[in-house]
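Colleague: quick one: sequence and predicted model below, then my questions.
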Amino acid sequence: MKRGLATELLGFALLLTAAVLGSVALFAFALGLLLVVAGCLAATAIGARRVRITRTVDQTEIVEGRPLALRFEVRGLRGLPAHAEVRGEDGTWQRLEGGAARRLTIERPGPHVIGPSAVRVRDDLRLFTRRRSAGEPAVVLVLPAPASAGVQQLPQGADPGGDPEPDGLQPYSRGTPVGRIHWPSVARAGEWQERRVISAPRGLPLVVVDLTGAASDGAIDWTLRAAAGQIHGLARAGGCRVLLPGERLPIPVENVAEGWPTVHRRLASVRGSRAAAPAAPPGAVHIRATQAPPLGGPRTRRLPPEVVPLERSSFGDGAGVRLP
């Protein structure tokens with residue numbers, strides 16, 4: 001717009017100069033320049049009213065750091081000396097032609113909303129622009145990239161896979177060991193309850209993911225990546241079980257083909273959970289957010305302009321704010 005206004009002012013200045021000097025050639029040049037400016041302005045205005053830009057997101061989940069393609073289709077500018085442009089991740093504008101695609105990279109695990117993309121209509125001489133937006137909000141689940149740290153080894157003799165796991169309460173049965181009686185229920189309501197437990201398959205290591213006490217979003221990112229690395233490594237080595245925040249029962253992961261994809265998605269979705277993790281049995285691989293480096297590990301790039309985390313957490317009070 002500034003370029004178009006400057007060109008228009010130049011045309012009027014030349015027109016005034018031609019009148020003062022009585023130069024017919026300069027007058028014709030100035031008049032032609034003003035006609036070109038007026039034509040560009042009209043083409044931009046008409047194109048902005050006629051243009052239809054649609055956007056599609058080619059994936060609903062992706063591993064962080066890998067490019068995601070936003071595909072655009074432009075209609076309504078045929079026959080006009082104007083074109084459409086989209087703003088890239090670096091802030092520069094890229095021309096949209098045919099079925100153009102724009103790369104977008106999200107380097108933070110968790111669910112994210114991709115809002116409308118900033119687009120604009122511009123005349124071919126690049127004198128005038130009209131801003132628009134394209135695309136409906138889309139939710140993308142960004143899976144944590146498994147950290148390259150080595151898989152932790154279990155202490156010799158430890159067998160967390162055989163430890164019983166809590167599974168809520170059930171009515172008391174005669175002969176139940178005293179240690180399994182839920183005494184708070186007896187004291188509170190006089191109702192005899194016992195802790196229900198299940199025995200998991202023996203020999204499978206247990207990975208406990210603990211997000212309590214996270215000092216920042218970076219600490220959570222580090223925890224999810226570290227957990228993904230451990231779980232993926234154990235899955236390749238023969239399997240494991242995973243206990244996520246807020247869950248009562250561990251999720252079995254047989255190998256990288258069965259169990260790992262499900263746990264990978266679940267791991268990306270627990271970002272906002274502040275539920276206290278159960279006590280890890282001896283020999284379990286306990287990955288805590290409080291163990292994250294001071295800066296949460298390697299710094300990541302800022303999110304693209306149209307990308308917003310679906311859930312932002314307020315550290316300190318444990319409250320969470322869910323975005324629409």
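Modeller: Here it is on my side, so go on. The structure displayed is predicted, hence computed values, not measured ones. Residues are numbered from 1 along each chain as shown.
Colleague: helix or strand for residue 107, which one?
Modeller: Residue 107 belongs to no helix or strand when elements are defined using DSSP states H and E.
Colleague: okay, now it: neighbour count?
Modeller: The number of residues packed around residue 107, counting by other CB atoms under 10 Å, is 17. (C-beta placed from N, C-alpha, C; glycine too.)
Colleague: and if you look at residue 9?
Modeller: What residue 9 shows, counting by other CB under 10 Å, is a neighbour count of 11.
Colleague: can I assume it sits in a helix?
Modeller: Yes: when classified by DSSP: H, G, I helix; E, B strand; the rest coil, residue 9 is found to be part of a helix.
Colleague: residue 15 versus that one, what's the distance?
Modeller: For residue 9, the distance to residue 15 equals 11 Å [CB to CB, to the nearest Å].
Colleague: okay, now the unreliable bits of the stretch 51-200 of the chain?
Modeller: Scanning the stretch 51-200 of the chain for pLDDT under 70 picks out 149-170, 172-180, 182-183, 186, 194-200.
Colleague: which parts of it are helices?
Modeller: With DSSP state H, counting those that start in this stretch, the ranges of helices along the stretch 51-200 of the chain come out as 183-189.
Colleague: for the residue sitting nearest the centre point of the chain, what are its contacts?
Modeller: Nearest to the mean C-alpha position of the chain, by CA atoms, centre = their mean, lies residue 112 at 3.6 Å. When contacts are counted by CB atoms under 8 Å, 6 or more residues apart in numbering, residue 112 is found next to 106, 139, 140, 141, 142, 303, 307, 308, 309, 310.
Colleague: what strand or helix carries the residue nearest to residue 82 when sequence neighbours are not counted?
Modeller: Spatial nearest neighbour of residue 82, excluding adjacent residues (CB to CB, 6 or more residues apart in numbering): residue 47 at 3.9 Å. Here residue 47 sits within helix 24-50, counting by DSSP H and E.
Colleague: again, but for residue 223
Modeller: helix 217-237.
Colleague: now the strands: where do they sit in the stretch 1-150 of the chain?
Modeller: 52-57, 61-63, 67-75, 82-87, 93-96, 101-105, 110-114, 117-123, 129-134, 138-143 (DSSP state E, counting those that start in this stretch).
Colleague: can you put these in JSON lines and add distance to residue 271?
Modeller: Formatted as JSON lines, the strands of the stretch 1-150 of the chain follow (distance: least, CB to CB, whole Å):
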{"stretch": "strand 52-57", "distance to residue 271": "20"}
{"stretch": "strand 61-63", "distance to residue 271": "14"}
{"stretch": "strand 67-75", "distance to residue 271": "18"}
{"stretch": "strand 82-87", "distance to residue 271": "27"}
{"stretch": "strand 93-96", "distance to residue 271": "31"}
{"stretch": "strand 101-105", "distance to residue 271": "18"}
{"stretch": "strand 110-114", "distance to residue 271": "4"}
{"stretch": "strand 117-123", "distance to residue 271": "24"}
{"stretch": "strand 129-134", "distance to residue 271": "27"}
{"stretch": "strand 138-143", "distance to residue 271": "10"}
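Colleague: of those strands, which is nearest residue 3?
Modeller: With CB to CB as the measure, strand 129-134 is the member of the strands of the stretch 1-150 of the chain nearest residue 3 (9.2 Å).
Colleague: quickly run through the sheet partners of that closest one, with directions.
Modeller: strand 117-123 (antiparallel) (DSSP bridges).
Colleague: next one: the strand it pairs with to chain centre, how far?
Modeller: Distance of strand 117-123 from the chain centroid (CA atoms, centre = their mean, to the nearest Å) equals 25 Å.
Colleague: now do it: everything it contacts.
Modeller: The contact list for strand 117-123, computed with CB under 8 Å, 6+ apart, reads 40-41, 43-44, 47-48, 51, 53, 55, 70, 72, 77, 81-87, 93, 96, 102, 128-135, 305-306.
Colleague: can you rerun that using 6 Å?
Modeller: The contact list for strand 117-123, computed with CB atoms under 6 Å, 6 or more residues apart in numbering, reads 40, 43-44, 47-48, 51, 53, 55, 81-82, 84-87, 129-132, 134-135, 306.
Colleague: can you check stretch 22-39 too?
Modeller: By CB under 6 Å, 6+ apart, stretch 22-39 touches 7, 8, 11, 14, 15, 18.
Colleague: would you mind writing the CA trace of it as PDB?
Modeller: These are the backbone C-alpha positions of stretch 22-39, laid out as PDB (Å, rounded to 0.1, in the frame of the first residue of the first chain):
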ATOM      1  CA  GLY A  22       4.600  23.000 -20.500                       C
ATOM      2  CA  SER A  23       6.000  19.600 -21.400                       C
ATOM      3  CA  VAL A  24       3.600  17.400 -23.300                       C
ATOM      4  CA  ALA A  25       5.800  14.300 -23.100                       C
ATOM      5  CA  LEU A  26       6.200  14.600 -19.400                       C
ATOM      6  CA  PHE A  27       2.400  15.200 -19.100                       C
ATOM      7  CA  ALA A  28       1.700  12.100 -21.100                       C
ATOM      8  CA  PHE A  29       4.100  10.000 -19.000                       C
ATOM      9  CA  ALA A  30       2.600  11.300 -15.700                       C
ATOM     10  CA  LEU A  31      -0.900  10.600 -16.900                       C
ATOM     11  CA  GLY A  32       0.000   7.100 -18.000                       C
ATOM     12  CA  LEU A  33       1.600   6.500 -14.600                       C
ATOM     13  CA  LEU A  34      -1.600   7.500 -12.800                       C
ATOM     14  CA  LEU A  35      -3.700   5.300 -15.100                       C
ATOM     15  CA  VAL A  36      -1.400   2.300 -14.200                       C
ATOM     16  CA  VAL A  37      -1.700   3.100 -10.500                       C
ATOM     17  CA  ALA A  38      -5.500   3.300 -10.800                       C
ATOM     18  CA  GLY A  39      -5.600   0.000 -12.800                       C
END
